[in-house]
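K.L.:
I need the structure of the sequence given here:
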Amino acid sequence: MGRTSDARERIIRAAARLFLAGSYQAVGLGELCAAADVRKGSFYHFFASKADLTIAVIDHHAAAFDAQLAAAGAIGDDPVSELMSFAVAIGRVQAGFEGRFGHVVGCPFGNLAAELSTADDTAREHLAGVFESWQRRLAAAARRAAENGSLRPGTDPEALARALLGQMQGAILLAKVCRSPATDIEASVTDLLRAHLTSDRLADAR
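P.N.:
Sure thing, here's the model as predicted:
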């Protein structure tokens, strides 16, 4: 039996792994506790329900993605490099999953969204908030890019933010279904963004 001092973190990490490898609905409490090396009593000490655990898993993945965004790093205050950092971070996260599981397993947020939309409103709303925060960040960067002339005339920053977020999810889903490599995901998102850049920004867009 593992240490009780890190039991909560082990449960979250085990759930994150099992949800990706299988699905939210398929993972039972017994399997989860065995994977985390804890007793069922320990689970209920930290989480009132599976939905509460799922919120913690969402936050776990969100923190990991935010760390990748920071590592991908925008160059100074350049909004185009900030937009590109989303594509880079998505690519790195998915490449990590591909290396760990042997194939693209999908977006942890997209996978949960498909199941939580009809399973639990509290967890679904929490997940929606994560997507909304990223869309706001993309939109803010797109507005700055439009203001400094980096986007093609007529490009709507809000619409571009929605399109980029949708492209990320769609590209990951297709890679999961078609067993295509994680590199295709980053390229797909990058191509969409580059299509909206002015010609003088295309050469230096990552």
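K.L.:
For the rest of this, base every contact and every neighbour count on C-alpha atoms.
P.N.:
Noted.
K.L.:
Tell me the buried residues in the lengthiest helix in the chain?
P.N.:
The helix spanning the most residues in the chain, taking DSSP state H as the definition, is helix 121-147. Using 16 or more other C-alpha atoms under 10 Å as the test for burial, helix 121-147 gives 123-124, 126-127, 134-135, 138-146.
K.L.:
For my notes, confirm residue 177 occurs in a helix.
P.N.:
Yes: with DSSP: H, G, I helix; E, B strand; the rest coil as the criterion, residue 177 is located in a helix.
K.L.:
any idea how far it is from residue 32?
P.N.:
With distances taken as C-alpha to C-alpha, to the nearest Å, residue 177 is found 26 Å from residue 32.
K.L.:
neighbour-wise, which of these two wins?
P.N.:
Applying other C-alpha atoms under 10 Å to residue 177 and residue 32 shows that residue 32 carries more neighbours, namely 23 against 11.
K.L.:
mind checking how far the more buried one is from residue 91?
P.N.:
With the distance defined as C-alpha to C-alpha, residue 32 ends up 28 Å from residue 91.
K.L.:
likewise residue 184?
P.N.:
For residue 184, the distance to residue 91 under the criterion C-alpha to C-alpha works out to 8 Å.
K.L.:
For the two, indicate the residue with more neighbours.
P.N.:
Neighbour tally, residue 184 and residue 91, criterion other C-alpha under 10 Å: the higher count belongs to residue 91, 24 against 15.
K.L.:
Residues in contact with the helix or strand hosting residue 89: which ones?
P.N.:
Secondary-structure assignment from DSSP states H and E places residue 89 in helix 79-101. Counting by C-alpha atoms under 8 Å, 6 or more residues apart in numbering, helix 79-101 makes contact with 21, 65, 68-69, 71-75, 103-107, 138, 141-142, 144-145, 150, 168, 181-183, 185-187, 189-190, 193, 205-206, all of which sit outside it.
K.L.:
from those residues, which would you call buried?
P.N.:
Buried positions within the contacts of helix 79-101, assessed by neighbour count (16+ other C-alpha under 10 Å), are 65, 68-69, 72-74, 103-107, 138, 141-142, 144-145, 150, 168, 181-182, 185-186, 189-190, 193.
K.L.:
Tell me which of these fall in helices.
P.N.:
Per DSSP H, the subset of those in helices is 65, 68-69, 72, 138, 141-142, 144-145, 168, 185-186, 189-190, 193.
K.L.:
hmm, which two among the residues you listed are most spread apart?
P.N.:
Maximum pairwise distance in these, criterion C-alpha to C-alpha, is 24.9 Å, between 144 and 185.
K.L.:
picking that back up, can you tell me which of the buried residues of helix 121-147 is closest to residue 5?
P.N.:
residue 123 (25.9 Å).
K.L.:
thought the closest one was touching residue 53?
P.N.:
No: assessed by C-alpha atoms under 8 Å, residue 123 is found out of contact with residue 53, at 9.2 Å.
K.L.:
And residue 163, how far from residue 59?
P.N.:
With distances defined as C-alpha to C-alpha, the gap from residue 163 to residue 59 amounts to 24 Å.
K.L.:
So what's the residue count around residue 118?
P.N.:
Neighbour tally, residue 118, other C-alpha under 10 Å: 9.
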